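1. here is my input; please provide its structure:
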Amino acid sequence: MLTTVELEAIAGDIRNISHRAGRAILDVYEQDFSVTHKQDDSPLTQADLASNTIICDALAALTPNIPLLSEESAEIDFATRSQWRQYWLVDPLDGTREFVNRNGEFTVNIALISNHAPVFGVVYVPVSGVTYTGIEKQGASRQDSGQAPVRIHVRQPCANPVVVVGSRSHANPKLLHHLAAIGDYQLVRMGSSLKFCLLAEGKADFYPRLGPTSEWDTAAAHAVVNAAGGRIITLDGEALQYNTKESLLNPEFLVIADDSRDWLTPFRNYRG
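-> From the prediction side, this is the model:
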C-alpha cells in the first residue's frame with residue numbers, strides 16, 4: 001500500500017507519465033485518424049491505445065506490486081479485483097468524442113484507489129498543457145505548462161448566480177427540470193473530466209451527472225475535487241465509491257463545491 005508520503009514522492013513521476021501519454025495522443029490528433037467503435041458504441045482511436053500502452057507499462061515499472069485497471073483493459077473480473085485494497089484506475093483518453101470532434105476538451109486520467117476511494121489523481125490536458133493533481137490530505141494544484149504548480153480550492157460560498165457545468169456530448173433534457181429548483185444559475189457545457197476540474201479550481205459550483213459514466217471516467221478528477229475541498233455524492237447522499245460491485249458503471253452523482261448548501265433535495269427523486 002502506498003502511503004501519502006510515498007504518493008507525494010512519486011507525484012512528479014505520475015505527471016511525467018501523463019505528459020508522455022499526452023504527447024502520444026497529440027501525435028495522432030494532429031493527423032488524419034480512423035475511428036472504430038466498441039461493443040457499447042463508444043469511439044476508439046489509435047490515440048486511446050497508444051496512451052494506454054505508455055501509462056500501463058510505466059506504472060507497472062514504477063509500482064510493480066500495485067494492480068491496474070484501465071478502460072482499455074477492463075475485462076478483469078470482480079472476483080479478482082474485489083481482493084484489491086489499492087490499485088491504479090486509468091482512463092488513457094477521457095473524452096474520445098471531444099478528441100474526434102477536435103475541440104481540445106479531452107484529458108489523460110490516472111488515479112490511485114485505496115479502500116474504494118480515490119486518494120490520488122492526475123488529470124492532464126494535452127492541448128493546453130495544464131495538469132491538475134490531487135493528493136488526499138495534501139491538497140490540489142494546477143500546473144500550467146512550464147510554470148510552477150499553484151494550489152487550488154473549490155469556491156465557497158458559491159457564486160450568484162450559481163455556475164453549473166454539464167456534459168457537452170451527453171446532454172440530458174431532464175437536467176434542466178431539476179436545475180430549476182436551485183434558483184438562478186449559469187450553465188457551462190464542457191467535455192471530459194474538465195468539468196470536475198472547473199469546480200476544483202473555483203470556476204464552477206455544481207456538476208450534476210444524471211447520465212452513465214464508468215469508474216475510470218471519474219476517479220482521477222474525483223481525487224482532485226476531494227483534495228480541493230469539494231465532494232462527490234450519489235443521489236442517496238453517500239460518497240461515490242469504486243470497485244464495490246461487478247459493474248464498473250457509476251450511479252448518478254453530484255459534484256459539489258460549497259457543501260453548506262442543500263444541492264441534493266432537488267435530485268433525490270430523479271429517475272433516469
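
2. quickly list the domain ranges of this protein.
-> Here the domain parsing of the chain from automatic domain parsing is 4-151, 162-267.

3. okay if I get the ones you listed as CSV plus mean neighbour count and mean pLDDT?
-> From N, CA and C alone the C-beta is placed, and that goes for glycine too. Below are the domains of the chain laid out as CSV (neighbours: other C-beta atoms under 10 Å; pLDDT from 0 to 100):
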stretch, mean neighbour count, mean pLDDT
domain 4-151, 18, 94
domain 162-267, 19, 93
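
4. hey, where'd the strands end up in the stretch 1-150 of the chain?
-> Per DSSP state E, counting those that start in this stretch, the stretch 1-150 of the chain carries strands over the ranges 36-37, 43-44, 68-70, 86-94, 107-114, 117-125, 130-135, 139-143, 150-152.

5. can I get those in JSON lines including distance to residue 14?
-> Shown next, in JSON lines, are those (distance: least, C-beta to C-beta, whole Å):
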{"stretch": "strand 36-37", "distance to residue 14": "29"}
{"stretch": "strand 43-44", "distance to residue 14": "24"}
{"stretch": "strand 68-70", "distance to residue 14": "12"}
{"stretch": "strand 86-94", "distance to residue 14": "9"}
{"stretch": "strand 107-114", "distance to residue 14": "6"}
{"stretch": "strand 117-125", "distance to residue 14": "5"}
{"stretch": "strand 130-135", "distance to residue 14": "8"}
{"stretch": "strand 139-143", "distance to residue 14": "12"}
{"stretch": "strand 150-152", "distance to residue 14": "18"}
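
6. out of those, the one nearest residue 266 is which?
-> Proximity to residue 266 (C-beta to C-beta) singles out strand 117-125 among the strands of the stretch 1-150 of the chain, at 25.9 Å.

7. could you list the paired strands of that closest one along with their orientation?
-> strand 107-114 (antiparallel), strand 130-135 (antiparallel) (DSSP bridges).
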